[in-house]
Structure formats: structure tokens, C-alpha cells
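[1] Okay, predicted coordinates and the sequence, questions at the end:
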Amino acid sequence: MAALIATVLTPGRAAAASLREVTGFGSNPGALRMYRYVPDALPAGRPVVVALHGCTQNAAGYGTGSGWTQLADRWGFSVVLPQQQSANNATSCFNWFQTGDIARGQGEAASVAQMVDRQLADAAGDASRVYVTGLSAGGAMTAVMMAAYPEKFAAGGIAAGLPYGCAQAAGSPYVCMYVGATQSAQQWGDRVRAARPGYPGPWPTLVAFQGTADYTVKPVNMTDLTRQWTAVRGADQVADVSDSVAGYPHQVFRDPAGRTAVETYSITGMGHGQPVDPGSGAEQCGTAGAYVLDVNLCAAYRMGRAWGLG
């Protein structure tokens, strides 16, 4: 498929020397590859971030471009970087639109879950502080992991992604991307709840980023993500905070207990890509490139701060 099924990130520069491939991490029904970045002398009990690349991207390029490996060194956590294979998808997109890859215990979703288990075991990581994030097709797969394996993830972060079950709700991945699906908040939430029947919670929180000039994944998809995850978390559709961060509209939706359920950043004038802010400043991270866009705000930093990684 084209666009986010074909046009997301081009490979960036190579990640640091400690990026390593891991084999034999499970039955791997989705036939993915697993890479990980572990800072030198990382102690036990540290968080794990799973970072999912977009189409035409690879694990190393996304880990570096997005800023996640840079932040791992700065803050002390490990990064799991799943990688798609061309045998599964000709343009190396995670198959967020394929029913067999988005259900618990099946396909690519199960492979990513097995990577999490392997990393927690190998690094003696903190199972209560595992986070999942991604761009575009990787962002859509992030929603899949939050829905199908909510017990594994404290939170998710999605850049230019799509709600869980959007391709099925819209009848086509293209309709989902370019138009959106006509679903109420309740219907969106029901799709997530059906992915993990009987799960009592807690469900992951969500931080989402979307460019207002994105013509690959239309901004309605962040609206639908907000509807979906506020519904799952029992929050209403009215923002409790509406302000600006780095000059961009920012909203926070809280659940009935006052906890953040969904946080959104609308990046004015940005097209399709991952927001970054290259540099060595305290709030800076990432490396600009194709579909990694310097907008003076680093999405990975904002996610990491929301999750308490910093």
C-alpha cells in the first residue's frame, strides 16, 4: 500500500554501537526482527520503550532520527526496536490494517509482545514501566499493542498514527487515512475493549502528535484517537487543559479520578512526520530528515516527560 503503507521514514544514520539484533525471542508468528539499544552499564529495574518505525524505515534509522536512543543514554532506559521485513510488506510497513496482525496472540502484534518479554528478562527491566510508541504505520501499530496487550504497557505515544481498528471501521486503510471512520467515542472504545475481552484495566494512557498540514494521515485521526482512548479510560470528550507548548496547541483529557488519560499536541503547519528538535539542549532530541521534521519540539522528549522517564 502507498502513503503510510509506503511513505513514512527513510533510513537515518546508523545508531550507536550498542544497537544489537536479538534472535530467538519467541515463536515470532509475525516474522519480525528484533533490535535493542541498551546504554552502557544500565542498571536493573529500568524502564523499556518499544519504538516502531514507519514504512521504508528501519529500526536503527528510526531509533536515531526520533531521538529515542539519545534519550535512552540521557535518562537511562532500554529501547526495543522491532523491524519489519520486506517478505511481510514490500515497503517494510507494519501491517496495522491486516486483521491477522492486530489481534492478541497472532501475527505481528504477538511478535512485538514476545520482544517485550525477552527484553524484560534480559535486562531485568521494570515490567510496570514499559511504553510503546511509533510513527504513522508504527503509530497505528502502537495503538494495536495498547489494545491487544494493555497489561504490558503503562502508556503509548503516537505520531501521525491511527486509532485501533480504523481500517476495519472505515472499510479500507486508505479511507481511514484520508477521510477517517464514522464512529462514536463509544464505538471506538468498544473496538479496543473487544481486543482484550474481560480485561479489568488499567488501560494505557496516550500521548498523540499530529501535523495540521498532514495529507497522508489526516488530522481527524488524532481526534478519533482521542475519542477512542478517552472512552476506554472513562474520560469525557472535553479537555481539562487547553494551552500551548512551544507555540503549539496542547490539550489534556483527564479521567474521573483526575489522572491524565489522553494528551495531544497539534503541530501547526507540520506535514507527515515525527516532530523533533535537534540539538543538545535539555528539551531537545532527534535528527531531522525525511519525515523527521524539525519543528522546535521533540515528540520523544514530551512523551518521555509525560511518562516520568526524565
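    In hand now; what should we look at? Numbering: from 1, shown residues only.

[2] From now on I want contacts and neighbour counts done on CA atoms only, so please keep to that.
    Will do.

[3] What segments of this protein are strands?
    Taking DSSP state E as the test, the strands found in the chain are 19-22, 33-37, 48-52, 78-83, 130-135, 155-159, 205-211, 241-245, 248-254, 260-267, 274-276, 292-294.

[4] Can you give me the distance of the residue lying closest to residue 279 once chain neighbours are set aside to residue 67?
    Leaving aside its sequence neighbours, residue 279 sits nearest to residue 285 (CA to CA, 6 or more residues apart in numbering; 6.1 Å). Residue 285 sits 5 Å away from residue 67, going by CA to CA, to the nearest Å.

[5] Need the CA coordinates for stretch 219-235. PDB is fine.
    Taking Å, rounded to 0.1, in the frame of the first residue of the first chain, the C-alpha atoms of stretch 219-235 are listed here in PDB:
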ATOM      1  CA  PRO A 219      -5.800  15.300  11.400                       C
ATOM      2  CA  VAL A 220      -9.200  13.700  12.000                       C
ATOM      3  CA  ASN A 221      -7.300  10.600  13.100                       C
ATOM      4  CA  MET A 222      -5.800  12.300  16.200                       C
ATOM      5  CA  THR A 223      -9.400  13.400  17.000                       C
ATOM      6  CA  ASP A 224     -10.500   9.800  16.700                       C
ATOM      7  CA  LEU A 225      -7.600   8.500  18.800                       C
ATOM      8  CA  THR A 226      -8.600  11.000  21.500                       C
ATOM      9  CA  ARG A 227     -12.200   9.800  21.300                       C
ATOM     10  CA  GLN A 228     -11.100   6.100  21.500                       C
ATOM     11  CA  TRP A 229      -8.800   6.400  24.400                       C
ATOM     12  CA  THR A 230     -10.800   8.800  26.500                       C
ATOM     13  CA  ALA A 231     -13.700   6.400  26.100                       C
ATOM     14  CA  VAL A 232     -11.600   3.400  27.200                       C
ATOM     15  CA  ARG A 233     -10.300   5.400  30.200                       C
ATOM     16  CA  GLY A 234     -13.700   6.600  31.200                       C
ATOM     17  CA  ALA A 235     -12.900  10.300  30.500                       C
END
